[in-house]
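In: Give me a model of this one.
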Amino acid sequence: MAKQPRILAGENAAITGGARGIGRATAEAMLRKGMKVALGDVDADAARATAAELGPRCIGLPLDVTDRDSFAAFLDAAEEQLGPLDVLVNNAGIMQVGRFLDEDDLTARRMVDINLHGVILGTKLALERMIPRDRGHVVNISSQAGKFGAPGGATYSATKHAVVGLTEAVRGELRLMGAHIDVSYVMPAVVNTELGSGLGDVRGFSNLEPSEVADAIIDALQYRVVDVWVPKRAKRTNLIISLLPRRLSEGMGRALKADRVLAEANPDIRRAYELRASHSEPALEGAPEQPQLARSAGE
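Out: Residues are numbered from 1 along each chain as shown. Here you go, the predicted structure:
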């Protein structure tokens with residue numbers, strides 16, 4: 001018998017990095033399912049504007065995912081205005097690309113703080129609320145770079161590998177505790193968002209739309225999927241590659257041009273995003289413009 005999908009109508013969700021891209025698309029998908037949604041973003045004005053556009057069951061709130069007080073205040077406000085939290089989507093993240101040896105320390109620290117520490121912090125704070133109720137679902141946005149280290153994005157890949165490991169470990173701990181809390185991690189390919197702008201292509205795989213990732217998140221919530229590949233057929237590709245000897249698997253990756261997706265990113269197209277990302281954490285001053293903004297990582 002096929003597993004029956006969980007009914008999401010009436011549930012409350014919080015989404016980090018919710019003002020645009022995958023966060024916004026996920027909010028739209030949740031609202032269509034009858035959920036209420038709180039959008040948190042370091043750009044509080046953008047979060048409020050997006051929420052106003054999406055309707056009365058959506059609110060926009062300020063959020064710095066690297067700051068515990070800010071994150072706790074975001075979740076508190078979400079629960080005060082919407083009700084007890086059923087879902088947290090840890091979506092906030094940045095990706096600054098370039099050769100590892102060209103990367104300055106502030107850039108590396110910023111990616112680790114937002115992409116990893118933000119997920120750790122959000123997961124802890126959400127579980128503090130969910131475990132006493134013995135229900136809830138945390139969804140952490142990783143990347144296929146979290147399974148395959150991507151040249152040109154070494155630190156980004158490291159943060160996304162860490163999100164996968166974190167989620168698997170937390171899931172195991174919850175099971176040992178007997179807690180009925182679900183955790184998932186989502187691994188999209190390149191998505192047509194500002195973060196994904198100017199990247200190379202993988203042969204045989206088209207870039208995703210944010211709505212496709214949002215639909216996969218909804219499936220994860222409804223069917224309690226743990227490891228979510230977007231597109232789904234990427235899971236089969238990963239399985240095949242993992243069974244091959246390293247020499248053949250790396251050759252397959254080169255044939256698909258997967259090793260050039262970040263390494264041959266177009267710096268002119270990405271410039272505006274990279275500069276905005278460099279100022280995305282209030283606790284840190286913006287890093288100076290990096291060499292990778294003036295040349296592609298493959299040059």
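In: could you point out which element follows the strand or helix carrying residue 128?
Out: Assigned by DSSP states H and E, residue 128 belongs to helix 118-133. Going down the chain from helix 118-133, the next helix or strand is strand 137-141, by DSSP H and E.
In: what about the stretch 151-299 of the chain, any weak spots by pLDDT?
Out: Along the stretch 151-299 of the chain, the model assigns pLDDT under 70 to residues 204, 252, 283-299.
In: quick one: the strand or helix carrying residue 172 to chain centroid distance?
Out: Using DSSP H and E, the element containing residue 172 is helix 154-177. Centroid displacement of helix 154-177 relative to its chain, using Cα atoms, centre = their mean, to the nearest Å, is 13 Å.
In: Check stretch 177-193 too.
Out: On Cα atoms, centre = their mean, the centre of stretch 177-193 falls 8 Å from that of its chain.
In: ok, now stretch 93-109?
Out: The answer for stretch 93-109 is 17 Å, by Cα atoms, centre = their mean.
In: can you check stretch 257-274 too?
Out: 18 Å.
In: Let's see that stretch as CSV, backbone CA atoms only.
Out: Output of stretch 257-274 as CSV, limited to C-alpha atoms (Å, rounded to 0.1, in the frame of the first residue of the first chain):
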residue,chain,number,x,y,z
LYS,A,257,31.4,18.8,-16.9
ALA,A,258,30.3,18.6,-13.2
ASP,A,259,33.8,19.6,-12.2
ARG,A,260,33.4,23.0,-14.1
VAL,A,261,30.1,24.2,-12.8
LEU,A,262,31.6,26.5,-10.1
ALA,A,263,35.2,26.6,-11.5
GLU,A,264,34.0,28.3,-14.7
ALA,A,265,31.5,30.6,-13.2
ASN,A,266,31.1,33.9,-15.1
PRO,A,267,32.4,36.6,-12.7
ASP,A,268,30.8,39.5,-14.6
ILE,A,269,27.3,37.9,-14.2
ARG,A,270,28.0,37.0,-10.5
ARG,A,271,29.5,40.3,-9.5
ALA,A,272,26.4,41.9,-8.0
TYR,A,273,25.5,38.8,-6.1
GLU,A,274,29.0,38.2,-4.7
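In: where along this structure do the helices fall?
Out: Using DSSP state H, the helices of the chain run over residues 21-32, 44-54, 68-82, 105-111, 118-133, 154-177, 210-223, 233-243, 246-255, 267-277.
In: Alright, calling it a day.
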